[in-house]
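> Fold the following, please.
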Amino acid sequence: MFAVLQLLVSGAVVVAGLKGGGGDGSSQPSSPPNIVFVMADDFGFADVGYHGSALRTPNLDSLAASGVRLENYYVQPMCTPTRSQLLSGRYQIHTGLQHSVIYPCQRNALPPEFPTIADKLKEQGYATHIVGKWHLGHYEEQFTPTFRGFDSFFGFFLGWDDFNNHRNCYLFNQSFSPSNGSDLLCGFDLRDNVNPTSDYAGQYSTHLFAGKAVEIIERHSVSEDTKPLFLYVPFQAVHFPLQVPDAYMEPYTNITDRNRRKYAGMVSCLDEAVGNITEALKTQGMWNNTIFIFSTDNGGAVYQGGNNWPLRGWKRSLWEGGIRGVGFVNSPLIKNPGVIYPGLLHVSDWFPTLFNLAGGRPDNLTLDGFDIWESISEGAESPRIELLHNIDPLDTHGSFLNISEFDNRITAAIRVGKWKLITGNAGVGSWIAPPENSSLESIPDPDPSEKNIWLFDISTDPLEKNDIFESNQEIAIQLLNRLSDYQSTAVPARFPDDDPLCDPDLHNGFWSPWVEN
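Sure, this is the predicted structure:
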């Protein structure tokens, strides 16, 4: 616990920078590298071995130790927002995805006017592939992966599925009678490129997706085509439902909490999958020119086995436990490996970083991210000094203070230097101890339910235990005004009602696009 706390404090040091976009390319590899990006789903801060977890992650630990650990790295509180910012390089206030996630029956998606990193890498001559979870909209075919820059797609459209039969059942939120006579809509959710498939029922998705990723690596290595590879592997694990082959739970018989034990097994299976992918890159002779990135999409869901101790909060919250991400980079191309990088980084930074590595010019694009390769490879100062966590105008809470143009009832958060301001509904603010550690005690949320503004000095208080809003209102007002500046650039938030035409029974039993382009 003490070591992790020291790490959090040291990782809160933020250094100067001015604007998003590209670097000068001075630290670029001599030829475009292969890029493999693995994203874990709902992977908590306390769920990786190198953060002192009882969960066994030897492959992740080894890769992180010999690479660059990112200990001041942020993602978004939920699935869709993180994925949209990764692939577009834009804050969700600029894509209309500020509120919640995309649900199965919504006519909602990452808008087509925002090219994805796959689009841009493809322009640079890359072979581009995705294996795993999409969750960026599928109501029209144009919003699905092979129409958003990927040469191939094996995976699923929605936010969650059964790990074994690859079906999803969704409780439709409108008062109508769908074709199956129930408000519960069920269907298969697995695609091989544009083709729906039920051929893989019974194959556990972590094994299935890792196997498909390895197949892509093997095919690419023997191809006469000399294109570099971009492989994006957003695993379903370790999102609910809590399902894993029994063998992976056997090392955790000491964990009496059943959810935590299942989750631990899922983490071990995910770690094995990552090891299989990196081993394939080495076996096929591709590792020496590959940049391997690992990231979670949000904090762990404590009600589904995940854990973020000692951080406050969890998935769906703006507390550090919801947004401070597990992440690292490993590559023989890193000039200064084996270190912990303390600079402020965000998931939107990957777009300009990867595009620049591929030989593109991100400074010619409108982006919210920064090129961070020199920071990662050489330990240079981070170009980022502030970070908009989100502004969600559809989620309001509490009373208006009338101290700024920005309405503090709106759920939002911003980080500028060492300061972090949260407004509106921050989410449940408890500190939840790992169930397997009886020496630690959870701490309930101490704040009254009506509270809707907080200010923290993250450099000295990464656990968010000392709200200093009352004693630092001038700083809070400056941050509120900065939120107002960002809000002036936002597009309206989209969160449409469910559409009954999504019903899989209308589409041969599959979750499928249901609107013609």
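> which stretches of the stretch 401-517 of the chain form helices?
Residue ranges of the helices in the stretch 401-517 of the chain, as given by DSSP state H, counting those that start in this stretch, are 473-487.
> Revised request: answer the last question for the chain.
Ranges of helices in the chain, per DSSP state H, are 2-10, 58-65, 79-88, 117-123, 205-222, 258-283, 320-323, 350-357, 373-378, 473-487.
> buried stuff in the fifth one?
Residues of helix 205-222 classed as buried by neighbour count (16 or more other C-beta atoms under 10 Å): 205-206, 208-214, 216-217, 220. Just so you know, the C-beta spots here come from the backbone N, C-alpha and C atoms, and that holds for glycine as well.
> Off-centre distance for it?
22 Å (C-alpha atoms, centre = their mean, to the nearest Å).
> swap in the shortest one?
Per C-alpha atoms, centre = their mean, the displacement of helix 320-323 from the mean C-alpha position of its chain is 11 Å.
> now the second one
With C-alpha atoms, centre = their mean as the basis, the distance from the averaged C-alpha position of helix 58-65 to the chain average is 19 Å.
> What is it packed up against?
Identification of packing neighbours for helix 58-65 by 3 or more C-beta pairs under 8 Å, 6 or more residues apart in numbering; DSSP states H and E yields helix 258-283, strand 290-296, strand 327-330.
> picking that back up, can you flag the weakest of the helices of the chain by average pLDDT?
Of all the helices of the chain, helix 2-10 carries the lowest average pLDDT, namely a mean of 53.
> what's near enough to touch Ile414?
386-389, 420-421, 479, 482-483, 486 (C-beta atoms under 8 Å, 6 or more residues apart in numbering).
> what residue lies at the spatial centre of the protein?
The chain has Asp297 as the residue nearest its centroid, 1.9 Å off, counting by C-alpha atoms, centre = their mean.
> State the number of residues packed around the residue lying closest to that one once chain neighbours are set aside.
Distance criterion C-beta to C-beta, 6 or more residues apart in numbering; nearest residue to Asp297, sequence neighbours excluded, is Thr82 at 4.3 Å. Using other C-beta atoms under 10 Å, Thr82 has 28 neighbouring residues.
> separation between Thr82 and Tyr73?
12 Å (C-beta to C-beta, to the nearest Å).
> Where do the strands of the stretch 301-450 of the chain begin and end?
327-330, 339-341, 345-346, 386-396, 410-416, 419-423 (DSSP state E, counting those that start in this stretch).
> Contacts for the shortest one next, please.
Which is strand 345-346. Applying C-beta under 8 Å, 6+ apart, the contact partners of strand 345-346 are 70, 72-75, 85, 327, 369, 372, 375, 382, 384, 387.
> Nearest to Pro251 among those?
Gly327 (25.0 Å; C-beta to C-beta).
> Touching, the closest one and Phe292? I think so.
No. Applying C-beta atoms under 8 Å, one finds Gly327 not in contact with Phe292, separated by 11.6 Å.
> and those two? which has more neighbours close in?
For Gly327 versus Phe292, the count of surrounding residues by other C-beta under 10 Å is larger for Gly327: 26 against 23.
> since we're on Asp447, how many residues are nearby?
Quick note: Asp447 (other C-beta under 10 Å) scores 12 neighbours.
> In contact with it, which residues?
429, 454, 467.
> mind running it again at 6 Å?
By C-beta atoms under 6 Å, 6 or more residues apart in numbering, Asp447 lies in contact with nothing.
> One more: Pro444?
Ser430.
> Look at the closest residue to Ile216 other than its chain neighbours and report its pLDDT.
In space, Ile216 comes closest to His129 once its chain neighbours are excluded; the distance is 5.1 Å by C-beta to C-beta, 6+ apart. Note on His129: pLDDT of 98.
> quick one: His129 and Phe230 touch, right?
No. Counting by C-beta atoms under 6 Å, His129 stays clear of Phe230, with 7.2 Å between them.
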